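Undergrad: Could you look at this predicted model? Sequence included:
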Amino acid sequence: MLRIFRRVAGPTAAGPTVNDVRQDLRRRKSDLVREAHTAIVANQPIPAATLDAIDCIGKVEATFEDKLRSRRRNVDLLAFCLTALVLAVLFLARLPRAEVDIELLVTGLQFELGAESSTNLIPGEAGQILALKRVAVTGIEDAPDGAADGGDLELRAETLDAASRAEGRIDPSVRLFAIALPTGAPTSVSTAVAYAGNSRGVSIDIQAEKATKADLGRLILAPAASGKGPLRSAVEPISIAGKHLEFTLYSSDETRDLAIFRNTRLTSVSFERSGSSEILSGEVHIRGRSEKAPIALHPSDLLLLRSEKPMTLRELSLSGGRLKVILSAPEAEEVRLGGVTSQDLRPSLLEWLLYRWPNELYVAFTAVIALWLSTRRWWNDLK
(Lines give C-alpha, C1' and ligand atoms only; values in the text may rest on other atoms or scores of the structure.)
Protein backbone atom coordinates (compact mmCIF):
# COMPACT_ATOMS: atom_id res chain seq x y z
CA MET A 1 0.00 0.00 0.00
CA LEU A 2 2.84 2.37 0.80
CA ARG A 3 4.31 1.54 -2.59
CA ILE A 4 1.08 2.67 -4.30
CA PHE A 5 1.13 6.13 -2.73
CA ARG A 6 4.80 6.54 -3.42
CA ARG A 7 4.14 5.83 -7.07
CA VAL A 8 1.18 8.27 -7.05
CA ALA A 9 2.89 11.10 -5.24
CA GLY A 10 6.19 10.81 -7.01
CA PRO A 11 9.32 12.49 -5.68
CA THR A 12 8.57 15.13 -3.07
CA ALA A 13 11.28 17.43 -4.35
CA ALA A 14 9.40 17.86 -7.64
CA GLY A 15 6.36 19.25 -5.77
CA PRO A 16 3.51 17.74 -7.82
CA THR A 17 0.37 19.81 -8.08
CA VAL A 18 -3.09 18.69 -7.05
CA ASN A 19 -4.09 18.11 -10.66
CA ASP A 20 -1.00 15.92 -11.21
CA VAL A 21 -1.89 13.82 -8.17
CA ARG A 22 -5.48 13.43 -9.37
CA GLN A 23 -4.34 12.36 -12.84
CA ASP A 24 -1.94 9.80 -11.34
CA LEU A 25 -4.71 8.46 -9.13
CA ARG A 26 -7.01 8.07 -12.11
CA ARG A 27 -4.37 6.25 -14.15
CA ARG A 28 -3.47 3.96 -11.24
CA LYS A 29 -7.13 3.18 -10.56
CA SER A 30 -7.70 2.45 -14.24
CA ASP A 31 -4.78 -0.02 -14.24
CA LEU A 32 -6.08 -1.74 -11.11
CA VAL A 33 -9.60 -2.01 -12.53
CA ARG A 34 -8.13 -3.49 -15.71
CA GLU A 35 -6.22 -6.08 -13.65
CA ALA A 36 -9.40 -6.99 -11.76
CA HIS A 37 -11.30 -7.31 -15.05
CA THR A 38 -8.63 -9.56 -16.51
CA ALA A 39 -8.81 -11.79 -13.43
CA ILE A 40 -12.59 -12.03 -13.71
CA VAL A 41 -12.41 -12.90 -17.40
CA ALA A 42 -9.81 -15.58 -16.68
CA ASN A 43 -12.09 -16.98 -13.95
CA GLN A 44 -9.43 -16.31 -11.34
CA PRO A 45 -9.83 -14.66 -7.94
CA ILE A 46 -9.06 -10.95 -7.70
CA PRO A 47 -6.03 -10.30 -5.55
CA ALA A 48 -6.91 -8.75 -2.19
CA ALA A 49 -4.15 -6.17 -2.65
CA THR A 50 -5.81 -4.98 -5.85
CA LEU A 51 -9.19 -4.55 -4.14
CA ASP A 52 -7.57 -2.76 -1.19
CA ALA A 53 -5.72 -0.44 -3.54
CA ILE A 54 -8.90 0.38 -5.51
CA ASP A 55 -10.77 1.09 -2.26
CA CYS A 56 -7.95 3.27 -0.95
CA ILE A 57 -7.73 5.28 -4.16
CA GLY A 58 -11.52 5.76 -4.06
CA LYS A 59 -11.28 7.21 -0.55
CA VAL A 60 -8.51 9.58 -1.63
CA GLU A 61 -10.55 10.72 -4.65
CA ALA A 62 -13.54 11.32 -2.38
CA THR A 63 -11.35 13.66 -0.35
CA PHE A 64 -10.57 15.62 -3.51
CA GLU A 65 -14.27 15.71 -4.43
CA ASP A 66 -15.19 17.08 -1.01
CA LYS A 67 -12.58 19.78 -1.41
CA LEU A 68 -13.83 20.68 -4.89
CA ARG A 69 -17.45 20.62 -3.72
CA SER A 70 -16.58 23.01 -0.90
CA ARG A 71 -14.82 25.29 -3.36
CA ARG A 72 -17.84 25.25 -5.68
CA ARG A 73 -20.12 26.11 -2.77
CA ASN A 74 -17.91 29.08 -1.93
CA VAL A 75 -18.02 30.28 -5.55
CA ASP A 76 -21.81 29.86 -5.66
CA LEU A 77 -22.17 31.71 -2.36
CA LEU A 78 -20.00 34.55 -3.65
CA ALA A 79 -22.05 34.79 -6.86
CA PHE A 80 -25.28 34.76 -4.84
CA CYS A 81 -24.02 37.55 -2.55
CA LEU A 82 -22.93 39.68 -5.51
CA THR A 83 -26.31 39.15 -7.21
CA ALA A 84 -28.20 40.02 -4.01
CA LEU A 85 -26.06 43.15 -3.58
CA VAL A 86 -26.74 44.30 -7.14
CA LEU A 87 -30.49 43.69 -6.74
CA ALA A 88 -30.52 45.54 -3.40
CA VAL A 89 -28.79 48.54 -4.97
CA LEU A 90 -31.20 48.52 -7.91
CA PHE A 91 -34.17 48.22 -5.54
CA LEU A 92 -33.10 50.89 -3.04
CA ALA A 93 -31.50 53.47 -5.36
CA ARG A 94 -33.94 55.98 -6.83
CA LEU A 95 -33.84 57.72 -10.17
CA PRO A 96 -32.37 61.23 -9.80
CA ARG A 97 -35.28 62.62 -11.83
CA ALA A 98 -38.79 61.46 -12.65
CA GLU A 99 -41.43 62.46 -15.17
CA VAL A 100 -44.61 63.36 -13.29
CA ASP A 101 -48.16 64.21 -14.39
CA ILE A 102 -50.65 65.35 -11.75
CA GLU A 103 -54.42 65.82 -11.79
CA LEU A 104 -55.85 67.25 -8.57
CA LEU A 105 -58.87 68.91 -7.04
CA VAL A 106 -57.72 71.39 -4.40
CA THR A 107 -59.01 74.27 -2.31
CA GLY A 108 -55.87 76.33 -2.91
CA LEU A 109 -52.63 76.42 -4.86
CA GLN A 110 -49.45 78.49 -4.57
CA PHE A 111 -46.79 78.73 -7.26
CA GLU A 112 -44.07 80.98 -8.64
CA LEU A 113 -43.20 82.03 -12.17
CA GLY A 114 -39.58 82.67 -13.12
CA ALA A 115 -38.21 85.91 -14.49
CA GLU A 116 -37.70 84.28 -17.89
CA SER A 117 -41.38 83.36 -18.28
CA SER A 118 -43.16 84.82 -21.26
CA THR A 119 -46.32 86.90 -20.88
CA ASN A 120 -48.96 84.95 -18.98
CA LEU A 121 -52.56 85.95 -19.35
CA ILE A 122 -55.63 85.33 -17.25
CA PRO A 123 -57.87 83.85 -18.59
CA GLY A 124 -55.50 81.27 -19.93
CA GLU A 125 -56.74 81.26 -23.52
CA ALA A 126 -55.73 84.27 -25.60
CA GLY A 127 -58.67 86.35 -26.74
CA GLN A 128 -61.09 84.83 -24.24
CA ILE A 129 -63.28 87.22 -22.27
CA LEU A 130 -64.72 86.13 -18.96
CA ALA A 131 -68.27 87.09 -18.07
CA LEU A 132 -68.46 87.67 -14.31
CA LYS A 133 -71.26 88.65 -11.99
CA ARG A 134 -68.85 90.19 -9.49
CA VAL A 135 -65.22 91.34 -9.43
CA ALA A 136 -63.32 92.68 -6.43
CA VAL A 137 -59.73 93.96 -6.65
CA THR A 138 -57.45 95.23 -3.88
CA GLY A 139 -53.94 96.70 -3.94
CA ILE A 140 -54.50 98.96 -6.97
CA GLU A 141 -51.70 101.50 -7.49
CA ASP A 142 -52.64 102.90 -10.89
CA ALA A 143 -56.23 103.31 -12.09
CA PRO A 144 -58.41 105.86 -13.94
CA ASP A 145 -59.91 108.61 -11.81
CA GLY A 146 -62.96 107.42 -9.99
CA ALA A 147 -62.41 103.79 -10.93
CA ALA A 148 -60.97 102.87 -7.56
CA ASP A 149 -61.24 104.26 -4.06
CA GLY A 150 -58.24 103.75 -1.81
CA GLY A 151 -56.74 101.04 -3.98
CA ASP A 152 -59.92 98.91 -3.98
CA LEU A 153 -62.36 98.27 -6.80
CA GLU A 154 -65.59 96.30 -6.89
CA LEU A 155 -67.73 95.79 -9.96
CA ARG A 156 -71.06 94.00 -10.12
CA ALA A 157 -73.25 92.91 -12.98
CA GLU A 158 -76.04 95.33 -13.83
CA THR A 159 -79.64 94.61 -12.93
CA LEU A 160 -81.92 94.64 -15.96
CA ASP A 161 -85.65 95.11 -16.09
CA ALA A 162 -87.94 92.32 -17.22
CA ALA A 163 -88.23 93.62 -20.78
CA SER A 164 -84.45 93.81 -21.30
CA ARG A 165 -83.98 90.36 -19.83
CA ALA A 166 -86.72 88.99 -22.11
CA GLU A 167 -85.09 90.45 -25.20
CA GLY A 168 -81.73 89.03 -24.21
CA ARG A 169 -79.82 91.60 -26.23
CA ILE A 170 -77.82 92.97 -23.33
CA ASP A 171 -75.25 91.02 -21.32
CA PRO A 172 -75.22 92.54 -17.83
CA SER A 173 -71.99 90.81 -16.79
CA VAL A 174 -68.70 92.42 -15.84
CA ARG A 175 -66.02 91.69 -18.43
CA LEU A 176 -62.50 90.52 -17.66
CA PHE A 177 -60.50 91.01 -20.82
CA ALA A 178 -57.10 90.03 -19.44
CA ILE A 179 -54.78 90.06 -16.44
CA ALA A 180 -51.23 90.34 -17.75
CA LEU A 181 -48.57 89.08 -15.36
CA PRO A 182 -45.26 90.98 -15.60
CA THR A 183 -42.29 89.58 -17.48
CA GLY A 184 -38.62 89.84 -16.56
CA ALA A 185 -39.29 89.49 -12.83
CA PRO A 186 -40.23 86.57 -10.55
CA THR A 187 -43.92 86.45 -9.74
CA SER A 188 -45.67 84.72 -6.86
CA VAL A 189 -49.29 83.64 -7.30
CA SER A 190 -51.62 82.26 -4.66
CA THR A 191 -55.07 80.97 -5.62
CA ALA A 192 -57.92 79.76 -3.44
CA VAL A 193 -61.64 79.13 -3.55
CA ALA A 194 -63.65 82.23 -2.57
CA TYR A 195 -67.05 82.06 -0.87
CA ALA A 196 -69.94 84.53 -0.95
CA GLY A 197 -73.21 83.06 0.25
CA ASN A 198 -74.10 80.20 -2.07
CA SER A 199 -71.69 81.39 -4.74
CA ARG A 200 -68.22 79.97 -5.30
CA GLY A 201 -65.49 82.00 -6.93
CA VAL A 202 -61.73 82.12 -7.09
CA SER A 203 -59.29 84.39 -5.29
CA ILE A 204 -56.03 85.23 -7.08
CA ASP A 205 -53.25 86.97 -5.14
CA ILE A 206 -50.40 88.19 -7.39
CA GLN A 207 -47.15 89.62 -6.03
CA ALA A 208 -44.27 90.73 -8.25
CA GLU A 209 -41.43 93.25 -8.40
CA LYS A 210 -43.08 94.79 -11.45
CA ALA A 211 -46.68 95.89 -11.82
CA THR A 212 -49.38 93.50 -12.92
CA LYS A 213 -51.88 95.02 -15.36
CA ALA A 214 -55.54 94.14 -15.81
CA ASP A 215 -58.23 95.25 -18.26
CA LEU A 216 -61.83 95.10 -17.10
CA GLY A 217 -65.11 96.33 -18.53
CA ARG A 218 -68.37 97.34 -16.90
CA LEU A 219 -71.74 97.79 -18.53
CA ILE A 220 -73.25 101.29 -18.95
CA LEU A 221 -76.98 101.55 -19.62
CA ALA A 222 -78.82 104.54 -21.07
CA PRO A 223 -82.45 105.00 -22.12
CA ALA A 224 -83.38 105.33 -25.76
CA ALA A 225 -83.11 108.82 -27.32
CA SER A 226 -86.89 109.16 -27.60
CA GLY A 227 -87.40 107.89 -24.09
CA LYS A 228 -89.13 104.85 -25.49
CA GLY A 229 -87.85 101.54 -26.76
CA PRO A 230 -85.11 99.27 -25.51
CA LEU A 231 -82.18 100.44 -23.40
CA ARG A 232 -78.91 101.32 -25.04
CA SER A 233 -75.75 99.79 -23.64
CA ALA A 234 -72.01 100.27 -23.83
CA VAL A 235 -68.96 98.79 -22.12
CA GLU A 236 -66.68 101.13 -20.22
CA PRO A 237 -63.07 99.86 -20.20
CA ILE A 238 -61.16 100.03 -16.92
CA SER A 239 -57.39 99.46 -16.73
CA ILE A 240 -55.65 98.96 -13.40
CA ALA A 241 -52.13 98.07 -12.28
CA GLY A 242 -50.26 97.20 -9.10
CA LYS A 243 -47.39 95.16 -7.74
CA HIS A 244 -49.61 93.35 -5.24
CA LEU A 245 -53.07 92.80 -6.64
CA GLU A 246 -55.66 90.44 -5.24
CA PHE A 247 -58.61 89.53 -7.46
CA THR A 248 -61.83 87.83 -6.44
CA LEU A 249 -63.81 86.56 -9.41
CA TYR A 250 -67.33 85.10 -9.48
CA SER A 251 -68.50 83.61 -12.76
CA SER A 252 -71.87 84.51 -14.24
CA ASP A 253 -72.47 80.85 -15.11
CA GLU A 254 -71.28 78.63 -12.25
CA THR A 255 -72.30 75.46 -14.11
CA ARG A 256 -69.36 75.91 -16.49
CA ASP A 257 -65.65 75.71 -15.66
CA LEU A 258 -63.91 79.04 -15.17
CA ALA A 259 -60.51 78.80 -16.92
CA ILE A 260 -57.79 80.73 -15.09
CA PHE A 261 -54.36 79.52 -16.25
CA ARG A 262 -53.36 77.37 -19.21
CA ASN A 263 -49.89 76.19 -20.28
CA THR A 264 -48.03 78.37 -17.79
CA ARG A 265 -44.41 77.59 -16.88
CA LEU A 266 -43.70 77.42 -13.14
CA THR A 267 -40.49 77.31 -11.12
CA SER A 268 -42.11 75.99 -7.93
CA VAL A 269 -45.50 74.83 -6.70
CA SER A 270 -47.04 74.09 -3.30
CA PHE A 271 -50.24 72.28 -2.35
CA GLU A 272 -50.26 73.29 1.31
CA ARG A 273 -50.85 76.35 3.42
CA SER A 274 -49.46 76.76 6.95
CA GLY A 275 -48.46 73.10 7.00
CA SER A 276 -51.94 71.83 6.08
CA SER A 277 -52.72 70.10 2.81
CA GLU A 278 -55.21 71.72 0.44
CA ILE A 279 -55.67 68.58 -1.65
CA LEU A 280 -59.18 67.13 -1.88
CA SER A 281 -58.52 64.27 -4.30
CA GLY A 282 -56.47 63.45 -7.34
CA GLU A 283 -54.00 61.16 -9.05
CA VAL A 284 -50.24 61.20 -9.60
CA HIS A 285 -48.86 59.53 -12.72
CA ILE A 286 -45.12 58.74 -12.58
CA ARG A 287 -43.35 57.32 -15.60
CA GLY A 288 -41.10 54.38 -14.80
CA ARG A 289 -42.94 52.87 -11.83
CA SER A 290 -43.74 49.18 -11.95
CA GLU A 291 -47.38 49.84 -11.04
CA LYS A 292 -49.35 50.87 -14.10
CA ALA A 293 -52.17 52.34 -12.01
CA PRO A 294 -51.70 55.97 -10.85
CA ILE A 295 -51.16 56.87 -7.21
CA ALA A 296 -54.47 58.02 -5.72
CA LEU A 297 -54.49 61.01 -3.36
CA HIS A 298 -57.00 61.59 -0.61
CA PRO A 299 -58.02 64.59 1.49
CA SER A 300 -55.22 65.95 3.70
CA ASP A 301 -52.48 64.08 1.78
CA LEU A 302 -49.30 66.17 1.64
CA LEU A 303 -47.64 66.20 -1.78
CA LEU A 304 -44.19 67.71 -2.22
CA LEU A 305 -42.94 68.42 -5.74
CA ARG A 306 -39.60 70.04 -6.57
CA SER A 307 -37.95 70.56 -9.93
CA GLU A 308 -35.00 72.67 -11.02
CA LYS A 309 -36.33 72.75 -14.57
CA PRO A 310 -39.62 74.58 -15.24
CA MET A 311 -42.88 72.74 -14.73
CA THR A 312 -45.96 73.31 -16.86
CA LEU A 313 -49.33 74.18 -15.39
CA ARG A 314 -51.50 72.67 -18.09
CA GLU A 315 -54.72 73.96 -16.59
CA LEU A 316 -55.99 75.69 -13.49
CA SER A 317 -59.74 76.20 -13.47
CA LEU A 318 -62.65 76.57 -11.09
CA SER A 319 -64.84 73.49 -11.50
CA GLY A 320 -67.84 72.77 -9.31
CA GLY A 321 -66.66 75.07 -6.54
CA ARG A 322 -63.16 73.49 -6.46
CA LEU A 323 -59.89 74.25 -8.17
CA LYS A 324 -58.91 71.73 -10.84
CA VAL A 325 -55.16 71.40 -11.40
CA ILE A 326 -53.39 69.61 -14.27
CA LEU A 327 -49.61 69.85 -13.88
CA SER A 328 -46.63 68.28 -15.65
CA ALA A 329 -43.03 68.08 -14.41
CA PRO A 330 -40.73 66.46 -17.01
CA GLU A 331 -37.73 66.23 -14.63
CA ALA A 332 -38.78 66.35 -10.98
CA GLU A 333 -35.92 65.89 -8.49
CA GLU A 334 -38.24 65.34 -5.54
CA VAL A 335 -41.69 63.73 -5.42
CA ARG A 336 -42.83 62.87 -1.89
CA LEU A 337 -46.12 61.92 -0.31
CA GLY A 338 -46.79 62.22 3.40
CA GLY A 339 -45.72 64.31 6.37
CA VAL A 340 -42.84 63.53 8.74
CA THR A 341 -42.44 59.97 7.43
CA SER A 342 -42.84 60.86 3.78
CA GLN A 343 -42.66 58.34 0.94
CA ASP A 344 -40.39 58.90 -2.02
CA LEU A 345 -42.51 58.33 -5.12
CA ARG A 346 -39.66 58.35 -7.60
CA PRO A 347 -39.19 54.92 -9.21
CA SER A 348 -36.25 52.76 -8.20
CA LEU A 349 -33.63 51.73 -10.73
CA LEU A 350 -35.07 48.21 -10.79
CA GLU A 351 -38.59 49.52 -11.45
CA TRP A 352 -37.27 51.76 -14.20
CA LEU A 353 -35.42 48.87 -15.86
CA LEU A 354 -38.52 46.67 -15.67
CA TYR A 355 -40.61 49.53 -17.08
CA ARG A 356 -38.16 50.42 -19.83
CA TRP A 357 -37.06 46.97 -21.00
CA PRO A 358 -39.36 44.33 -19.44
CA ASN A 359 -38.86 41.60 -22.08
CA GLU A 360 -35.22 42.38 -22.76
CA LEU A 361 -34.36 42.27 -19.07
CA TYR A 362 -36.06 38.89 -18.62
CA VAL A 363 -34.21 37.43 -21.63
CA ALA A 364 -30.86 38.83 -20.42
CA PHE A 365 -31.39 37.46 -16.90
CA THR A 366 -32.27 34.01 -18.26
CA ALA A 367 -29.23 34.05 -20.55
CA VAL A 368 -26.92 34.95 -17.65
CA ILE A 369 -28.26 32.05 -15.55
CA ALA A 370 -27.86 29.61 -18.44
CA LEU A 371 -24.32 30.87 -19.13
CA TRP A 372 -23.39 30.51 -15.47
CA LEU A 373 -24.67 26.93 -15.26
CA SER A 374 -22.94 25.97 -18.50
CA THR A 375 -19.64 27.50 -17.44
CA ARG A 376 -19.88 25.81 -14.05
CA ARG A 377 -20.46 22.37 -15.60
CA TRP A 378 -17.64 22.86 -18.12
CA TRP A 379 -15.25 23.85 -15.37
CA ASN A 380 -16.21 20.81 -13.26
CA ASP A 381 -15.67 18.52 -16.22
CA LEU A 382 -12.35 20.15 -16.93
CA LYS A 383 -11.21 19.48 -13.38
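TA: Here it is on my side, so go on. In this text, all values refer to a predicted model and were calculated from it rather than measured experimentally.
Undergrad: going forward, measure contacts and count neighbours with C-alpha atoms only.
TA: Will do.
Undergrad: And this protein, what are its domain boundaries?
TA: Listed domain ranges for the chain are 2-67, 96-114+267-346, 128-258 (source: automatic domain parsing).
Undergrad: show me the contacts for the closest residue to Thr187 other than its chain neighbours.
TA: Closest residue in space to Thr187, ignoring its immediate chain neighbours: Ala208 at 4.6 Å, by Cα to Cα, 6 or more residues apart in numbering. Ala208 sits next to 182, 185-188, 243-244 when contact means Cα atoms under 8 Å, 6 or more residues apart in numbering.
Undergrad: In terms of helices and strands, where is Ala208?
TA: In this structure, Ala208 is located in strand 199-222 according to DSSP states H and E.
Undergrad: So for that strand, what gets flagged as buried?
TA: When burial is assessed from 16 or more other Cα atoms under 10 Å, strand 199-222 yields the following buried residues: 200-208, 210-214, 216-219.
Undergrad: any idea how far the most centrally placed residue in the chain lies from Asp55?
TA: When the chain is reduced to its mean C-alpha position, the nearest residue by Cα atoms, centre = their mean turns out to be Ile286, at 3.4 Å. With the distance defined as Cα to Cα, to the nearest Å, Ile286 ends up 68 Å from Asp55.
Undergrad: same thing with Ala131?
TA: Ala131 sits 105 Å away from Asp55, going by Cα to Cα.
Undergrad: The two: who's more crowded?
TA: The residue with more neighbours, out of Ala131 and Asp55, is Ala131; 21 against 13, by other Cα atoms under 10 Å.
Undergrad: In this structure that one contacts Glu254, no?
TA: No. Contact status for Ala131 versus Glu254: not in contact, 10.7 Å apart, counting by Cα atoms under 8 Å.
Undergrad: Can you list which of the contacts of Ala208 are found in strands?
TA: The strands, defined by DSSP state E, take in 187-188, 243-244 from these.
Undergrad: ok, those vs Tyr250, which is closest?
TA: Nearest to Tyr250, judged by Cα to Cα, of these is His244 at 20.0 Å.
Undergrad: Count the neighbours of the closest one for me.
TA: With neighbours defined by other Cα under 10 Å, the count for His244 comes to 19.
Undergrad: Let me see the contact set for the residue nearest to it when sequence neighbours are not counted.
TA: When the adjacent residues along the chain are set aside, His244 lies closest to Gln207, with 4.5 Å between them (Cα to Cα, 6+ apart). Taking Cα under 8 Å, 6+ apart as the contact definition, Gln207 lies against 187-189, 243-245.
Undergrad: again, only this time at 6 Å
TA: Counting by Cα atoms under 6 Å, 6 or more residues apart in numbering, Gln207 touches 187-188, 243-244.
Undergrad: How about Ile240?
TA: Residues counted as contacts of Ile240 (Cα under 6 Å, 6+ apart) are 142-143, 213-214.
Undergrad: Distance check, it against Ala214.
TA: Ile240 sits 5 Å away from Ala214 when distances are taken as Cα to Cα.
Undergrad: Can you list the residue ranges for helices in the stretch 201-350 of the chain?
TA: Counting by DSSP state H, counting those that start in this stretch, the stretch 201-350 of the chain forms helices over residues 349-356, given from the N-terminal end onward.
Undergrad: which sections of it are below the confidence cut-off?
TA: In the prediction, the stretch 201-350 of the chain carries residues with pLDDT under 70 at positions 222-231, 290-291, 339-340.
Undergrad: That one: strands as residue ranges?
TA: In the stretch 201-350 of the chain, the segments counted as strands under DSSP state E, counting those that start in this stretch are 232-251, 258-266, 268-270, 272-273, 276-277, 279-286, 295-297, 303-306, 311-319, 322-332, 334-337, 343-344.
Undergrad: In TSV, list those strands along with distance to Thr107.
TA: Formatted as TSV, the strands of the stretch 201-350 of the chain follow (distance: least, Cα to Cα, whole Å):
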stretch	distance to Thr107
strand 232-251	14
strand 258-266	14
strand 268-270	12
strand 272-273	10
strand 276-277	9
strand 279-286	7
strand 295-297	14
strand 303-306	14
strand 311-319	10
strand 322-332	6
strand 334-337	18
strand 343-344	23
